[in-house]
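1. What follows is a protein structure lacking sequence information:
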């Protein structure tokens, strides 16, 4: 049966495919350390107790009808205050749009700015930009990054590609790597965006910057920087992506927010009225109540990110121990988020059954079956399957589970010849 060309050529999520394999094996009794999904084990990392209480209270008070299209004013006011207090960013409640997590915001940014054939620039690896570019029929310009620069694009990397582009998509802390822009790195890129926009005529679409900072509260000593704080004149070109999904361990609560130029946010709001991607009203009400006291956020985040950092340090230390034993592995010290970047240089090796590991996907499924370890290859983030880099998410495992997993990984890698 025929479907649309868009649907026929749409590529499904490789992360979901791997996750399905893991779930199938678990259902059959297999013990697998699942380091794939950028989610959290809610038994290990429950949402704040007060937030849960406020959600329940909102349902009990029958706040179950439609929210306003741009989000509850009470929540937009609290977000506005938090942006000012936390990052010294001045955005009024009317410059803020509340949605069901950050995905609808990113989709709406693309659909609001990008016409068919417009150039969109983004680095690889990065999360889902390739799919959003496809959904908007954009000319996708993928800028390959290097481990030497923590898989973040430099101004020199981006400079040849920004002419004529309408959107530059950046993320820090970065999914999938957990690495972050330094002040100098981001400043250099911001200057490029400003230079490019000075060249544009009044009848030309500007170069907009989408800045995904959903992990901005989950940083381990490194300074989070953002474009408008560095260059206030970028305010008319920058759309931010943010929310509670990661910083409050609330991935399933579905409350995200975007903020930026009013003319862009208004069109995003109008677009999403036809999609209905609103955060549920009780969850919006509860989030507003929770944010009324900034200490609620600060106390929870400090405890939560401390636990994530401990898990990441154990995993990073374990990979470094394997490297010290002579295995062909590497990892990049985590700076933020819940991810560790791992290199497993075993593509081309032969498995015990005599078959060859031909690409990163082969290695993923070998490790699932022979080590009970599930990782995501960087091919899920726009890189080639020949690249031996992988994302490990620690949100689903306790520290002890990570420690138990490491010898299994070592044994499986040693069995490759």
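-> Structure's in. What do you need? Just so it is clear, the structure is predicted and the values come from calculations on it, not from any experiment.
2. going forward, measure contacts and count neighbours with C-alpha atoms only.
-> Fine.
3. separation between residue 150 and residue 143?
-> Using Cα to Cα, to the nearest Å, residue 150 is found at 14 Å from residue 143.
4. Which of the three states applies to residue 386?
-> The assignment at residue 386 comes out as coil when based on DSSP: H, G, I helix; E, B strand; the rest coil.
5. Chain neighbours aside, what residue packs nearest to it?
-> Distances taken as Cα to Cα, 6 or more residues apart in numbering place residue 359 nearest to residue 386, at 5.3 Å, with adjacent residues excluded.
6. Name all residues that make contact with that neighbour.
-> Residues near residue 359 by Cα atoms under 8 Å, 6 or more residues apart in numbering: 347-348, 385-387.
7. Isn't residue 189 up against residue 154?
-> Yes. Here residue 189 lies in contact with residue 154, judged by Cα atoms under 8 Å, at a distance of 6.9 Å.
8. Residue 416 sits in which helix or strand?
-> Applying DSSP states H and E as the criterion places residue 416 outside every helix and strand.
9. what's in contact with the lowest-mean-pLDDT helix or strand in the chain?
-> Lowest by mean pLDDT, DSSP states H and E among the helices and strands of the chain is helix 14-27, with a mean of 84. For helix 14-27, the surrounding residues in contact (Cα under 8 Å, 6+ apart) are 32, 34, 36-37, 365, 368, 374, 376, 380.
10. what about 7 Å?
-> Identification of contacts with helix 14-27 by Cα atoms under 7 Å, 6 or more residues apart in numbering yields 32, 36-37, 376, 380.
11. Most neighbours among these, please name it.
-> residue 376 (27 neighbours; other Cα atoms under 10 Å).
12. And what about the residue nearest to the spatial centre of the chain, helix, strand or coil?
-> Centroid-nearest residue in the chain, with Cα atoms, centre = their mean: residue 175, separated by 4.1 Å. Of the three states, residue 175 takes coil under three-state DSSP.
13. Likewise for residue 214?
-> coil.
14. my guess is it contacts residue 241, does it?
-> Yes. Contact criterion Cα atoms under 7 Å: residue 214 and residue 241 qualify, at 6.2 Å.
15. Residue 224 and residue 179, how far apart?
-> According to Cα to Cα, residue 224 stands 11 Å off from residue 179.
16. Return the backbone torsion pair for the nearest residue to residue 158 once chain neighbours are set aside.
-> Once flanking residues are discounted, residue 158 sits nearest to residue 143: 6.9 Å by Cα to Cα, 6+ apart. The phi/psi pair for residue 143 (degrees, to the nearest 10) reads phi -100, psi 110.
17. and residue 143, what are its bridge partners?
-> Under DSSP bridges, the beta-bridge partners of residue 143 are residue 123.
18. Tell me the predicted confidence for it.
-> Residue 143 is assigned 98 on the pLDDT scale.
19. Skipping its backbone neighbours, what lies nearest residue 414 in space?
-> Spatially, and ignoring its direct neighbours in sequence, residue 414 is nearest to residue 327 (7.7 Å; Cα to Cα, 6+ apart).
20. what's the burial count for that neighbour?
-> Per other Cα under 10 Å, the neighbour tally for residue 327 reads 17.
21. how far away is it from residue 70?
-> Per Cα to Cα, residue 327 is found 52 Å from residue 70.
22. Can you show me the helices along the stretch 1-150 of the chain?
-> Listed in chain order, the helices of the stretch 1-150 of the chain (DSSP state H, counting those that start in this stretch) span 5-9, 14-27, 49-60, 73-87, 103-113, 129-135.
23. Can you name the residues that contact residue 297?
-> residue 291.
24. Check the secondary structure at it for me.
-> Taken by three-state DSSP, the conformation at residue 297 corresponds to helix.
25. For the remainder of this discussion, apply numbering that starts at 38.
-> Sure, I'll start counting at 38 from here, so that last one is residue 334.
26. picking that back up, pick out the shakiest of the helices of the stretch 38-187 of the chain, pLDDT-wise.
-> Mean pLDDT is lowest for helix 51-64 among the helices of the stretch 38-187 of the chain, at a mean of 84.
27. Would you mind listing the buried residues in it?
-> For helix 51-64, burial by neighbour count (16 or more other Cα atoms under 10 Å) applies to 51-52, 55-56, 59, 62.
28. Residue 282: which of those is nearest?
-> When the buried residues of helix 51-64 are compared for distance to residue 282 (Cα to Cα), residue 52 wins out at 18.2 Å.
29. any weak-confidence spans in the stretch 338-454 of the chain?
-> In the prediction, the stretch 338-454 of the chain carries no residues with pLDDT under 70.
30. how about the strands in it?
-> All strands of the stretch 338-454 of the chain, identified by DSSP state E, counting those that start in this stretch, fall at 366-369, 376-381, 410-411, 413-414, 426-430.
31. same question, the stretch 138-287 of the chain
-> Using DSSP E, counting those that start in this stretch, the strands found in the stretch 138-287 of the chain span residues 156-161, 176-181, 202-208, 245-249, 275-280.
32. Now do the residue nearest to residue 451 against residue 351, distance only.
-> As judged by Cα to Cα, residue 364 and residue 351 stand 18 Å apart.
33. is it true that residue 283 touches residue 254?
-> No. Using Cα under 7 Å, residue 283 is not in contact with residue 254, being 8.6 Å away.
34. Looking at those two, which is more packed in?
-> Legend: neighbour count by other Cα under 10 Å for residue 283 and residue 254, higher for residue 283 (24 against 21).
35. So for that one, what's the pLDDT?
-> Residue 283 carries a pLDDT score of 97 in this model.
36. phi, psi of residue 389?
-> Main-chain torsions, residue 389, degrees, to the nearest 10: phi -60, psi -30.
37. Roughly how far does it sit from residue 265?
-> The value you get for residue 389 to residue 265, if Cα to Cα is used, is 54 Å.
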